[in-house]
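Asks: need a 3D model of the sequence below.
(one chain, ligands or ions: 1)
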Amino acid sequence: MQNRHISVYSSLDTLSQAAARYVIQVAQEAIVSHGRFTFALSGGNTPKALFKLLAAEPYTSQIDWNLVDIFWSDERCVPPESEDSSYRLAMDTMLSKVPIPASQIHRMHAEEKDRDAASQAYTEEMRRVFGTSGTPAFDLILLGMGPEAHTASLFPHQPSLQERERLVMPVSVPKPPPARLTLTPPVLQAPRHVLFLVTGQDKAEAVKEVIEGARNPDEYPAQLVQPTQGDVTWLFDTAAASQLTHKA
Ligand SMILES: O=C(O)[C@H](O)[C@@H](O)[C@H](O)[C@H](O)COP(=O)(O)O
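Replies: As a prediction, the model looks like this:
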């Protein structure tokens, strides 16, 4: 795949610093090219270190936060103050510490009872900010991957993998907490850039299959993330990359 880049780091710290430099580069290019930076965040533990770096020098002042719009690639159906909330994680580690206007933080209201309505509301919020009636093309979508190759809240063999109409949908997944809202494949195939952060030995086999195995997104959902017009950058730690034959 021509538009795929892979780098391997010896620690979460060096990986996160490379990720911070990459986010800044994409943000600056987006702002020069069209005046805004639209950035969808992932949940999970791996991006915490990146978020902390982006909220501190020498990184934070390299982004014009007035021109940034933050979204999420998925969210757990819990209140925003819950320890399980991906919104809360990003707020605590990054967004509460940087000068971004509150109106540019677009969280998924996944705690609402009517999850179809919450999904539709998020679709409309994305379309409003992007000024489109179609599929928004994010400047950057940050993603993680699980040991069975799930990404966002798209899990193996689930109907969400086949979704082509909706942009956001409710799902029930095997990783707790089970109820989630997630962006769907059309949105994950539309961005300019995708950045995957993947660490840990438990993911090594999935990494090998997703990167070097035959195409089988029903088994390995992360393979669905192949933007038609964009590129995908994978940052691994040594353990996650340990089964790859070609490490770059
Ligand atoms: O659970 C979530 O909120 C994310 O949707 C999920 O896709 C996550 O990014 C991966 O499971 C990796 O998680 P870790 O970074 O914790 O390994």
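
Asks: for the residue nearest to residue 181 when sequence neighbours are not counted, what are its contacts?
Replies: In space, and not counting its chain neighbours, residue 181 is closest to residue 110: 4.5 Å by Cβ to Cβ, 6 or more residues apart in numbering. For the C-beta atoms, the positions are set from N, CA and C on the backbone; glycine is no exception. Taking Cβ atoms under 8 Å, 6 or more residues apart in numbering as the criterion, residue 110 is in contact with 75-78, 118, 179-181.

Asks: neighbours of residue 99, just the number please.
Replies: 11 (other Cβ atoms under 10 Å).

Asks: before we move on, what about residue 117?
Replies: 12.

Asks: tell me the pLDDT of it.
Replies: On pLDDT, residue 117 comes in at 98.

Asks: confirm it sits in a strand?
Replies: No. Using DSSP: H, G, I helix; E, B strand; the rest coil, the assignment for residue 117 is helix, not a strand.

Asks: which residues of this structure score low on pLDDT?
Replies: 1-2, 248 (pLDDT under 70).

Asks: so does stretch 227-247 get close to the ligand?
Replies: No. Residues of stretch 227-247 are not located near the ligand by Cβ under 6 Å from any ligand atom, the shortest gap being 9.6 Å.

Asks: got the residues of this protein near the ligand?
Replies: So far as Cβ under 6 Å from any ligand atom goes, the chain lies against the ligand at 42-46, 74, 86, 144-146, 150-153, 175.

Asks: closest to the ligand out of the contacts of residue 110?
Replies: residue 76 (6.2 Å; Cβ to the nearest ligand atom).

Asks: pretty sure the closest one contacts residue 182?
Replies: No. Using Cβ atoms under 8 Å, residue 76 is not in contact with residue 182, being 10.2 Å away.

Asks: pull out the buried residues from the lengthiest helix in the chain.
Replies: Counting residues, the longest helix found in the chain (DSSP state H) is helix 12-34. For helix 12-34, the neighbour count (16 or more other Cβ atoms under 10 Å) marks 12, 15-20, 22-24, 26-27, 30-31 as buried.

Asks: run the chain-centre distance for that helix.
Replies: 14 Å (Cα atoms, centre = their mean, to the nearest Å).

Asks: against which helices or strands is that helix packed?
Replies: strand 4-9, strand 37-41, helix 48-54, strand 140-143, strand 193-198, strand 231-237 (3 or more Cβ pairs under 8 Å, 6 or more residues apart in numbering; DSSP states H and E).

Asks: hang on, the earlier thing: export the buried residues of helix 12-34 as TSV, with columns for distance to residue 247.
Replies: Shown next, in TSV, are the buried residues of helix 12-34 (distance: Cβ to Cβ, whole Å):
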residue	distance to residue 247
12	17
15	14
16	19
17	19
18	15
19	18
20	22
22	18
23	23
24	25
26	23
27	27
30	29
31	32
